[in-house]
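1. mind folding the following:
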Amino acid sequence: MPHSDSQFTQLMTQVEEGSQDAAWELIEQYGPHIHRVVRRRLNKKMRQRYDSTDFLQSVWKSFFRRPSRMAGFEHPEQLIRHLVVMARNKVVDEVRREATQARDASREEPLEWEDGPREELAAVRDTPSQIAMARECWNGIMDQLPPHGRKVVQLRITGATYVEIAESLQMNERTARRVIDRLMRSLATAPPS
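-> Coordinates of the predicted model:
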């Protein structure tokens, strides 16, 4: 169900402030619009090589990379149009890249396994319960971080460099690195669940 303009403005403000729940809500609410465009744009040959989820993730990564751009959307329709254009451009760029690469089938080699080549590789998909557990674990990790740490992690996940993070949050680059280093050490020493 689409958000009203006031709900949408509130959601975008929360996303801009770094709310993980708001970001998930945004993805869940507006992701299907991106997915539809990608599925329509991918031809049969491209579908054999790419999963539409790859493009979906790429669009969200680009979108979340620059939180300052989020303030420009006043209505859900504006966001949808923006996301649809991003998705279309990503697919078109990949189609162009594929066309200019002029792949030679003789250069591609089949995967070899110890017991010989395999015709098909089973697609590994996370179950809904695995996704829910991962999300719960992630929220637990984020809840343990101070507010500036959450923002550092959020920006790093969206692909921002340490220099970009430092500029965006007005902190020293080494401080941003330390936040991520501490998080990685705590994850490495945490007992498996």
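2. chain center to stretch 26-39: distance?
-> Offset of stretch 26-39 from its chain centre (C-alpha atoms, centre = their mean, to the nearest Å): 12 Å.
3. apologies, that question was intended for stretch 4-21.
-> Per C-alpha atoms, centre = their mean, the centroid offset for stretch 4-21 relative to its chain is 18 Å.
4. got it, and stretch 47-58?
-> On the basis of C-alpha atoms, centre = their mean, stretch 47-58 sits 12 Å off its chain's mean C-alpha point.
5. buried sites along that stretch?
-> Using 16 or more other C-beta atoms under 10 Å as the test for burial, stretch 47-58 gives 52, 55-56, 58. Placement of C-beta: from N, CA and C, glycine included.
6. name the helices or strands packed onto the biggest helix by length in the chain?
-> Across the chain, the longest stretch assigned as helix under DSSP state H is helix 76-101. If contacts are counted by 3 or more C-beta pairs under 8 Å, 6 or more residues apart in numbering; DSSP states H and E, helix 76-101 sits against helix 5-16, helix 20-41, helix 44-49, helix 52-65.
7. run the angle between the last one and helix 76-101 for me.
-> Using axes from the mean of the first three to the mean of the last three C-alpha atoms, to 10 degrees, the direction of helix 52-65 lies 120 degrees away from that of helix 76-101.
8. equivalent analysis for the second one, please.
-> Interaxial angle, helix 20-41 versus helix 76-101 (the same axes, to 10 degrees): 50 degrees.
9. which other helices and strands contact the helix or strand of the chain with the lowest mean pLDDT?
-> Least confident element among the helices and strands of the chain, by mean pLDDT, DSSP states H and E: helix 44-49 (a mean of 74). Counting contacts by 3+ C-beta pairs under 8 Å, 6+ apart, helix 44-49 is packed against helix 76-101.
10. could you tell me the angle between the helix it packs on and helix 5-16?
-> Using the same axes, to 10 degrees, helix 76-101 lies at 50 degrees relative to helix 5-16.
11. contact partners of the helix or strand just after helix 76-101?
-> The element immediately downstream of helix 76-101 (helix or strand, assigned by DSSP states H and E) is helix 128-144. For helix 128-144, contacts defined as C-beta atoms under 8 Å, 6 or more residues apart in numbering pick out 20, 24, 126, 150, 153, 183, 187, 193.
12. same check on stretch 177-185?
-> So stretch 177-185 is contacted by 141, 145, 148-149, 152-153, 156, 162 (C-beta under 8 Å, 6+ apart).
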